[in-house]
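Colleague: Sequence and predicted structure below; questions after.
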Amino acid sequence: MRKCKMAVIGFGQRGYGYVQMIMAHPAAELTAVCESSPDRAESFARELGLKNVPLFRSVDELIAKGDFEAVVITLPDYLHCESAIACCNAGKHIMLEKPMAPTAEECRRIIRAIVRNDCKVQIGFVLRHHPMFRRVIRIARSGELGQILNITSSEHIGVMHGASYMRRWHRRIANSGGFVLAKCSHDIDIISTVADAPAVRVASFGSLDFFTPDKLKHPYCSQCPDEACRFRFKGEMVRMTEREKNAPSQTERPFDLCVYNDDKDVVDHQVAIIDFANGIKADFTLNLFAQVPKRTICVAGTEAILYADTADEFITVHNSVTGKTRKIDCKAENTSGHGGSDGTFLNDFIDCVLNDRPFGVDFRAGLSSTVIGNAIEEARLTDKVVEIPPDAYCW
Ligand SMILES: NC(=O)c1ccc[n+]([C@@H]2O[C@H](COP(=O)([O-])OP(=O)(O)OC[C@H]3O[C@@H](n4cnc5c(N)ncnc54)[C@H](O)[C@@H]3O)[C@@H](O)[C@H]2O)c1
């Protein structure tokens, strides 16, 4: 069987997981890793037992010397655009992590490079493969709910996961396009897929009301005597090398920045309302303090209403015409991340590359999610309803 020769760019929290999955994949061969930090590249390569896999320091070097046909880009969001364009220009197929890019204009630049080079790009909306969301989309499209009028959805992020967004690179809007786009572009994608129409206007409210700098005790957890602080950094959500864990200088060990720092401009809670061209109205709520992290979605139609909750792992559909209720079991099909969807998403990507099939989650979904995410952030910052013109979805 021919194997897909794959590279990974960005050997951090997410890239580490992809390297593991590719190494274990029967139809893939990991042929290169690109990581700008030599300490990370070498330490993680040693940890995972990467033998004879060349490690490159830059995307340019990877493209010049690497032997691969497909690449997974797991760089911070603000580096997606240039790296994706470089890989497109080199004729590689790409799995580009979500969000496609922090701004719609960057997404359009990537798309123009995709079209120019006739390559394929899959955007990392793994939730499309999630056992629950996959069925939600199928039911919404089946007509069972009647005419869909409302979608209500939420993400409740676990406490330390939410805290990590206050101390890592995501804490700056310029790096990610804002909290909703950085973390919840998945949810925007699912809502848009269920609505099956372009969003035409949005409103949003959100602010930073808990992680305010006035609570700052010390800039870094390692200098702070408050052992009982529930946000004290213990290595959550960051893949660190031994050197990074033990570095004497704080600049080499920036991960334990106090969550109350004044270096951030993201929110700690937000709501958004989206109006779609077919009349469907959706709302989304973001919360960062969940004991049980979960996503929920409710799709209300004229004949039935669907409730789904990732923590429950089942969907309930109440039909107001028949008076019947049905429950659908949505247990994960494997143990990979995001309810097993990371694994099936990678399978699909590899299969598409090897068999020259179009990707299920292509660049249109990436552009659409960023267009809506940008509008949500603009609406929040300006306190205005933001109209999305039809040409926002063009490139
Ligand atoms: N699909 C999902 O559910 C999901 C989950 C987590 C993260 N992500 C996405 O994955 C991406 C990476 O997130 P992360 O949490 O792994 O970030 P990270 O900071 O942990 O990892 C990024 C890595 O890229 C390296 N890097 C930075 N600049 C580089 C360059 N110019 N060349 C090569 N390497 C460079 C860094 O040293 C770091 O090791 C983001 O876009 C994020 O949104 C997606």
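Modeller: Alright, I've got the coordinates.

Colleague: Dump the longest helix belonging to the chain to PDB, restricted to CA.
Modeller: When the chain is parsed with DSSP state H, its longest helix is helix 363-382. The C-alpha coordinates for helix 363-382 follow below in PDB (Å, rounded to 0.1, in the frame of the first residue of the first chain):
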ATOM      1  CA  PHE A 363     -11.200  26.400   2.500                       C
ATOM      2  CA  ARG A 364     -14.700  27.900   2.100                       C
ATOM      3  CA  ALA A 365     -15.500  26.700   5.600                       C
ATOM      4  CA  GLY A 366     -12.300  28.300   6.900                       C
ATOM      5  CA  LEU A 367     -13.100  31.700   5.200                       C
ATOM      6  CA  SER A 368     -16.700  31.600   6.400                       C
ATOM      7  CA  SER A 369     -15.800  30.900  10.000                       C
ATOM      8  CA  THR A 370     -13.200  33.800  10.000                       C
ATOM      9  CA  VAL A 371     -15.600  36.200   8.300                       C
ATOM     10  CA  ILE A 372     -18.200  35.500  11.000                       C
ATOM     11  CA  GLY A 373     -15.600  35.500  13.800                       C
ATOM     12  CA  ASN A 374     -14.200  38.900  12.600                       C
ATOM     13  CA  ALA A 375     -17.700  40.300  12.400                       C
ATOM     14  CA  ILE A 376     -18.400  39.000  16.000                       C
ATOM     15  CA  GLU A 377     -15.300  40.700  17.300                       C
ATOM     16  CA  GLU A 378     -16.000  43.900  15.500                       C
ATOM     17  CA  ALA A 379     -19.600  43.900  16.800                       C
ATOM     18  CA  ARG A 380     -18.300  43.400  20.300                       C
ATOM     19  CA  LEU A 381     -15.700  46.100  20.100                       C
ATOM     20  CA  THR A 382     -18.000  48.700  18.400                       C
END
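
Colleague: is the ligand contacted by it?
Modeller: No. Using CB under 6 Å from any ligand atom, we find that helix 363-382 stays clear of the ligand, coming within 11.5 Å at best. (Each C-beta comes from the backbone N, C-alpha and C, glycine too.)

Colleague: Report the contact partners of the residue in the chain that the ligand sits nearest to.
Modeller: Residue of the chain nearest the ligand, by CB to the nearest ligand atom: G12 (1.8 Å). Contacts here follow CB atoms under 8 Å, 6 or more residues apart in numbering; on that basis G12 touches E35, R40, T74, R239.

Colleague: Thanks a lot, see you next time.
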